[in-house]
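In: Have a look; sequence and predicted model below, questions after that.
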Amino acid sequence: MNKLKLVLAAGIAALSSAVIMAPTASAVTDIMPLTEVPAGWRRIGGIDLNRACDIQYGLVNGVRHPSDAVLQSPGNAMSWRCRRIATGQIVGGLDLDFHCGAQHTHIPGGNTSRAFFVDFNNPFSWGCYVRN
């Protein structure tokens, strides 16, 4: 699959594979076109985004900071961010490939699953996939 180079400016989320990352001042990242699931991959389940945010951002220096997922743009699959529940502060993006692997270890090959969305305009179309 061809990889694209994309330079992202401040305020725009960087994407590496299916990693939705926090905005940075400047980032050069390899990305995979995710408008459709690649041939030879099958869906094994969804992603619990609230759980993923809480795992990724809920513990800082041993102090519990419950976090959840928020959708910043209803028509954009790339617009999920994590926020601290108590303050409403946006704290970053998600490593969806990691969370797919962590959430689907009970399925053969699940620990090597990848996150893809089916429809860029549908933020709820993310899923975890493994190669056939």
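Out: Received it, and whenever you're ready, just let me know what you need.

In: residues contacting residue 112?
Out: With contact taken as C-beta atoms under 8 Å, 6 or more residues apart in numbering, residue 112 is in contact with 101, 130. All C-beta spots, glycine's among them, are computed from the backbone N, C-alpha and C.

In: Look up phi and psi at the residue at minimal distance from the centre of the chain.
Out: Nearest residue to the geometric centre of the chain (C-alpha atoms, centre = their mean): residue 96, 3.3 Å. Here the main-chain torsion angles of residue 96 (degrees, to the nearest 10) amount to phi -70, psi -30.

In: how much space is there between it and residue 88?
Out: 22 Å (C-beta to C-beta, to the nearest Å).

In: what's the answer for residue 94, then?
Out: Note on residue 94: its distance to residue 88, by C-beta to C-beta, is 18 Å.

In: And these two? Which one has more around it.
Out: In this comparison of residue 94 against residue 88, neighbours counted by other C-beta atoms under 10 Å, the higher total goes to residue 94 at 26 against 8.

In: any idea how far that one lies from residue 69?
Out: With C-beta to C-beta as the criterion, residue 94 and residue 69 are 7 Å apart.

In: Show me whatever sits in contact with both of the two.
Out: What both residue 94 and residue 69 touch, as defined by C-beta under 8 Å, 6+ apart, is the set 49, 52, 53, 80, 81, 82.
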